[in-house]
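Trainee: One predicted model, sequence on top.
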Number of protein chains: 2
Amino acid sequence: MTDRLPHALRSDALDNRERILEAARALFAEGLDVPMREVARRAGVAPATLYRRFPTKEMLVTEAFAEQMHACRAVVDEGLADPDPWHGFCLVIEKMCELQAHDRGFTAALISTFPNAVDFEARREYALTAIDELARRAKEAGRLRPDFVLDDVLLVLMANSGIHAASPTTQVTASRRFAALAISAFQASPDVPPLPPVVRLAPQASVPKRNQPG
Amino acid sequence: MTDRLPHALRSDALDNRERILEAARALFAEGLDVPMREVARRAGVAPATLYRRFPTKEMLVTEAFAEQMHACRAVVDEGLADPDPWHGFCLVIEKMCELQAHDRGFTAALISTFPNAVDFEARREYALTAIDELARRAKEAGRLRPDFVLDDVLLVLMANSGIHAASPTTQVTASRRFAALAISAFQASPDVPPLPPVVRLAPQASVPKRNQPG
DNA sequence: ACGCTAACGCACGCTGCCGTCCGCCTCACT
DNA sequence: AGTGAGGCGGACGGCAGCGTGCGTTAGCGT
């Protein structure tokens, strides 16, 4: 017993861990502004257990959305692989918006920046680079307006995150329409009025901790 | 002294009231999620005083944004008066977005629905009706895409409210660019891909009270 | 000048969330 | 079956915001 592996979890612990993530995913679907207690409660677990597995909310969020993160990357890759760059670009916008519409928490997570969630940042960076490449090609093909900049994607995603609706269905429908409008706006067109100056969007601060303004 | 006027406030009370509103406006500029205490503190007033003047946060918000509400109406009227309906329409979109960018709290207030703030609702209704008329004319003039619907404005306004930025300046710049994109999307164009189905947006619930998820 | 009463603010009790300590339980290995 | 360490959950102290009761202060009308 000399080697100190990061030791696998015991079976019951692993089970709880999974239940916690499940609960978190369910609750975060409506937004990250959920008490940790609530997650624990829903998972049928004491607060201490939750905290033991996920000492901070950020860690929980990061783990909970790992799947979505993969979906995100898949979407980007799919777009990148499309022989028609404009089609690929549109696809990315649409799918991203849809992903966001399904899960408000993930949206917030995407927009927020986690100081300690390294791979989150990395994936984000990867996606943006890919989209940039896609945009370059779409411009070259003359389908994407020339004055488009990468930050416009962030702008659209943030904007999309502002769209709320009563029911999940409405939410998705609304997002879908919004994405279509965004694409309309991005499309190259003979009579394009020039766009106002570009913005440099800094990502938002952090995950809501309840009981603190900002 | 037989008539029971809603009795004018005493001079000091009036003064405090004004100071409270001023503080509220300043703080709400960054969002409605501000403790009542904070407003009181900034106004140099005890909590009790604040609560006496404005028993609920909604009341405070409504009063604080009365001015913006007027500005809102002014914008709409200006757009309606424009001889070129498309130009008027664009103007409304731009100004509305700018108004929102300046004041995140007002944004939230616009999107939220207050059960008890009657005139808020009325003004909101008025603005929407006006925009609808404007849109009708702009369509007739062939400048606004035919498949535009009034709810698209709400969609854009909600979306615009999702845009956050570090500094107020960036915020305005970002919103401006977004508005331009939205207008691009709304513009009638020979090669319009059809939009997905329309959404019926129900307004959001209520004002954040701190310490409650939703 | 005086007194009545509106207006004020301190301070209280309540609620909800946070993160942790500690004694008991149970899995897993022999 | 025995045992010990890893895991569990109840309970606690702390903090922040809420809304109000109550004794004091100061405008305003006579």
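Mentor: Noted; the coordinates are in hand. All figures in this text were calculated on a predicted structure; none of them were measured in a lab.
Trainee: Grab the longest helix from chain A for me.
Mentor: helix A:118-140 (DSSP state H).
Trainee: Would you mind listing the outside residues contacting that one?
Mentor: A:62, A:69, A:72-73, A:76-77, A:79-80, A:85-86, A:88-89, A:92, A:109-110, A:113-114, A:144-146, A:148, A:150, A:153, A:188 (C-beta atoms under 8 Å, 6 or more residues apart in numbering or on different chains). C-beta: built from backbone N, CA, C; applies to glycine.
Trainee: Give me the buried subset of those residues.
Mentor: Listed as buried from those are A:62, A:69, A:72, A:76, A:79-80, A:85-86, A:88-89, A:92, A:109-110, A:113-114, A:144-145, A:148, A:150, A:153, A:188; burial here means 16 or more other C-beta atoms under 10 Å in any protein chain shown.
Trainee: check contacts around residue A:48.
Mentor: Contacts of residue A:48 (C-beta under 8 Å, 6+ apart): none.
Trainee: And for residue A:190, the neighbour number?
Mentor: As a burial measure, residue A:190 scores 7 neighbours (other C-beta atoms under 10 Å in any protein chain shown).
Trainee: what secondary structure does it sit in?
Mentor: Of the three states, residue A:190 takes coil under DSSP: H, G, I helix; E, B strand; the rest coil.
Trainee: Model confidence for it, exactly?
Mentor: Here, the pLDDT recorded for residue A:190 equals 81.
Trainee: Report whether the lowest-mean-pLDDT helix or strand in chain A contacts DNA strand C.
Mentor: In chain A, no helix or strand scores lower on mean pLDDT, DSSP states H and E than helix A:104-111, which sits at a mean of 82. No - taking C-beta under 7 Å from any atom of the strand as the criterion, helix A:104-111 and DNA strand C are apart, separated by no less than 14.0 Å.
Trainee: And the contacts of that helix?
Mentor: A:27-32, A:61-62, A:64-65, A:68, A:72, A:99-100, A:120, A:124, A:157-158, A:160-161, A:164, A:203-204, A:207-208, B:164.
Trainee: picking that back up, which residues belonging to the longest helix of chain A are considered buried?
Mentor: Residues of helix A:118-140 classed as buried by neighbour count (16+ other C-beta under 10 Å): A:120, A:123, A:124, A:127, A:130, A:131, A:134, A:135, A:137, A:138, A:139.
Trainee: Just after that helix, pick out the following helix or strand.
Mentor: Using DSSP states H and E, the helix or strand that follows helix A:118-140 in sequence is helix A:151-161.
Trainee: Helices of chain A, residue ranges please.
Mentor: With helices called from DSSP H, chain A shows them at A:11-28, A:36-43, A:47-53, A:57-64, A:66-81, A:85-102, A:104-111, A:118-140, A:151-161, A:168-186.
Trainee: which stretch in these is the model least sure about?
Mentor: Note on these: lowest mean pLDDT is at helix A:104-111, with a mean of 82.
Trainee: mind checking how far that helix is from the chain centre?
Mentor: Put simply, helix A:104-111 sits 5 Å off its chain's centre (C-alpha atoms, centre = their mean, to the nearest Å).
Trainee: C-alpha coordinates for it, PDB please?
Mentor: Extracted in PDB, the C-alpha atoms of helix A:104-111 (Å, rounded to 0.1, in the frame of the first residue of the first chain):
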ATOM      1  CA  ARG A 104     -30.200  28.300 -19.700                       C
ATOM      2  CA  GLY A 105     -27.600  27.200 -17.200                       C
ATOM      3  CA  PHE A 106     -25.300  26.000 -19.900                       C
ATOM      4  CA  THR A 107     -25.700  29.300 -21.600                       C
ATOM      5  CA  ALA A 108     -24.700  31.200 -18.500                       C
ATOM      6  CA  ALA A 109     -21.800  28.800 -18.000                       C
ATOM      7  CA  LEU A 110     -20.600  29.500 -21.600                       C
ATOM      8  CA  ILE A 111     -20.800  33.200 -21.200                       C
END
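Trainee: Report whether stretch A:8-18 contacts DNA strand C.
Mentor: Yes - using C-beta under 7 Å from any atom of the strand, stretch A:8-18 reaches DNA strand C at A:10, A:11, A:12.
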